[in-house]
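> below is the sequence, then the predicted model.
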Amino acid sequence: MGKIIAIANQKGGVGKTTTSVNLAASLGVLEKKVLLIDADPQANASSGLGIDIETIEIGTYQIIEHSHPPQDAIIKCSAPNVDIIPAHIDLVAIEIELVDKENREYMLKEALAPIKDLYDYIIIDCAPSLGLLTLNALTAADSVVIPIQCEYFALEGLGKLLNTIKSVQRIHNPDLDIEGLLLTMFDSRLRLSNQVVEEVQKHFNDMVFDTIIQRNVKLSEAPSFGESIINFDATSKGAANYLSLAHEIIKKNS
């Protein structure tokens, strides 16, 4: 039985796509069969794994609106054991188109039902908003990973996201768990980074992953080559961090 994990935070620039791509690749290297779903109209997860988004004819948009089965949208990518359902800029329109639909929050969940058991993990890269797209992802997911940047405004907006998750649990998906809070972009030289880590660990205890993703130039460079950090530089700190996260998630779910 596959596990669906949404990577969500309505704040932009906290490392959602970096985490989605590199967690998927790390799970793949650890011999798990993984499907990455790009549910962000910016389509950075798709281009970050070497997909030419201009050529996409069937992607997340088509499977959410149920005009194509998900099998038609799956593409093999450069990361071993990882498939992707890519996004395209047309995904922007889906929020407007879903507004009048019955059960609009369940469109992605219904679409993924036939393929859920074909994978060990399905990772959904969410858009930086709490709109219908993210709501669909949270309704479809078994759990959610929340990346938190080690910056001053990190905790701002976290309460809002946790309230959204609570309302999704109450109304749409009572089985939704918080997989964990993931601290990202950590710089050990900065006092502020260390303070944010302390605050998050103090307030959320066991909800926080032991793994902390450190600032790493290679992590920033990898997407421009259309590769995960594992393919781009397996010896880098970024690769070690995401492999550690993958191990932690596998252990938690074993």
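Perfect, I can see it now.

> pull the residues that contact the helix or strand containing Arg170.
Using DSSP states H and E, Arg170 sits in helix 158-171. Outside helix 158-171, the residues that touch it by CB atoms under 8 Å, 6 or more residues apart in numbering are 8-10, 130, 135, 138-139, 144, 146, 148, 176, 178. Every residue, glycine included, has its C-beta placed from N, CA and C.

> after it comes which helix or strand?
Beyond helix 158-171 in the direction of the C-terminus, DSSP H and E gives the next helix or strand as strand 177-186.

> tell me the angle that following strand makes with helix 158-171.
Our comparison of strand 177-186 with helix 158-171, counting by axes from the mean of the first three to the mean of the last three CA atoms, to 10 degrees, yields an angle of 160 degrees.

> state the mean pLDDT of strand 177-186.
For strand 177-186, the mean per-residue pLDDT is 94.

> what's the answer for stretch 72-82, then?
Averaging the model's pLDDT scores along stretch 72-82 yields 92.

> in contact with Ser78, which residues are there?
Applying CB under 8 Å, 6+ apart, we find Ser78 in contact with 49-50, 226-228, 231.

> quick one, which of the contacts of helix 158-171 are buried?
Among the contacts of helix 158-171, those classed as buried by neighbour count (16 or more other CB atoms under 10 Å) are 8-10, 130, 135, 138-139, 144, 146, 148, 176.

> which one of the contacts of Ser78 sits closest to Ile74?
Closest approach between these and Ile74, by CB to CB: Leu49, at 12.8 Å.

> now for the closest one, how many residues are close by?
Using other CB atoms under 10 Å, Leu49 is surrounded by 26 other residues.

> now swap in Pro114 and tell me
By other CB under 10 Å, the residues close to Pro114 number 11.

> and it, what does it touch?
Under the criterion of CB under 8 Å, 6+ apart, the neighbours of Pro114 are 69-71.

> how near is it to Lys33?
For Pro114, the distance to Lys33 (CB to CB, to the nearest Å) stands at 16 Å.

> doesn't Ile5 lie inside a strand?
Yes - when DSSP: H, G, I helix; E, B strand; the rest coil is applied, Ile5 is found to be in a strand.

> just send the contacts of helix 158-171 back as CSV, with secondary structure and distance to Ile37 too.
Formatted as CSV, the entries for these read as follows, by DSSP: H, G, I helix; E, B strand; the rest coil; distance: CB to CB, whole Å:
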residue, secondary structure, distance to Ile37
Ala8, coil, 12
Asn9, coil, 17
Gln10, coil, 18
Leu130, coil, 18
Leu135, helix, 15
Leu138, helix, 13
Thr139, helix, 13
Val144, strand, 14
Ile146, strand, 17
Ile148, strand, 22
Leu176, coil, 16
Ile178, strand, 19
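
> my read: Asn136 touches Glu110, true?
No - at 9.8 Å, Asn136 does not count as touching Glu110 under the criterion of CB atoms under 8 Å.

> higher neighbour count, the two?
Neighbours per residue, other CB under 10 Å: of Asn136 and Glu110, the larger number sits with Asn136, 28 against 15.
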